[in-house]
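Q: could you work out the structure for the sequence below:
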Amino acid sequence: MSFILILNNIAKHIHLTADEQSIFTGMLRPQTIKRKQFWLSDGDICKHSAFVTSGCLRGFTVDKNGIEHVLSFAPVDWWMADMYSLISQKPGILNVEALEDTEVLLLSKANQEALYKQIPKFEHFFRVLVENSLVASQQRLIDGLSLTAEDRYNNFCKRYPTLIYTLPQKQIASYIGVTPEFFSRMRSRR
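A: From the prediction side, this is the model:
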């Protein structure tokens, strides 16, 4: 198994020695998630962070009317977890589904905690990930309150340039907070 992608992802924020790389990669567990298979479901306790090496995941909730609300996508070279559940170890509300056959590397919460002790610079790495996630969530909330649907779509295109033409329009519409019909009319005007 090649760990080049995840090691390059980490190298954006911290430098690991060969020994540290070996310790880290020894804590990872590969998993294949088939298309339309759930990695996490509402009510599960999230025990791992997933790093996507191929394919794509989507994180979403379902409201009381059965309407899906897409919160995030995790294409190749992205991390995914139900952060509330992972941190609190309480049942989460996020559903995480593979949009296509997807390969991930899983890092358990226990191994992440062990990394903090064995290789303290991982605290910096994961703090940066959480900070970036918090900033993105806050910006997405502000955008949802203050931007037009077209501007939200433009932001989606900047954030997920590889997904613009591969995702079903219904999922992009859900992410930007509009109906599929409105989204289709909006794109046809472009």
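Q: my read: Asp63 touches Ile93, true?
A: No: assessed by CB atoms under 8 Å, Asp63 is found out of contact with Ile93, at 10.6 Å. Every residue, glycine included, has its C-beta placed from N, CA and C.
Q: and the longest helix belonging to the chain, how far out from the chain's middle?
A: Scanning the chain for the helix with the most residues, using DSSP state H, yields helix 121-146. Counting by CA atoms, centre = their mean, to the nearest Å, helix 121-146 is centred 12 Å from the centre of its parent chain.
Q: tell me the helix or strand right after that helix.
A: As assigned by DSSP states H and E, the chain's next helix or strand after helix 121-146 is helix 149-159.
Q: average pLDDT across the next helix or strand after that following helix?
A: Next along the chain after helix 149-159, taking DSSP H and E as the criterion, comes helix 169-176. Helix 169-176 shows a mean pLDDT of 93.
Q: tell me what the helix or strand just after helix 169-176 is packed against?
A: The C-terminal neighbour of helix 169-176 among helices and strands, as given by DSSP H and E, is helix 180-188. In terms of contacts (3 or more CB pairs under 8 Å, 6 or more residues apart in numbering; DSSP states H and E), helix 180-188 is packed against helix 149-159, helix 169-176.
Q: perfect, I'm done here.
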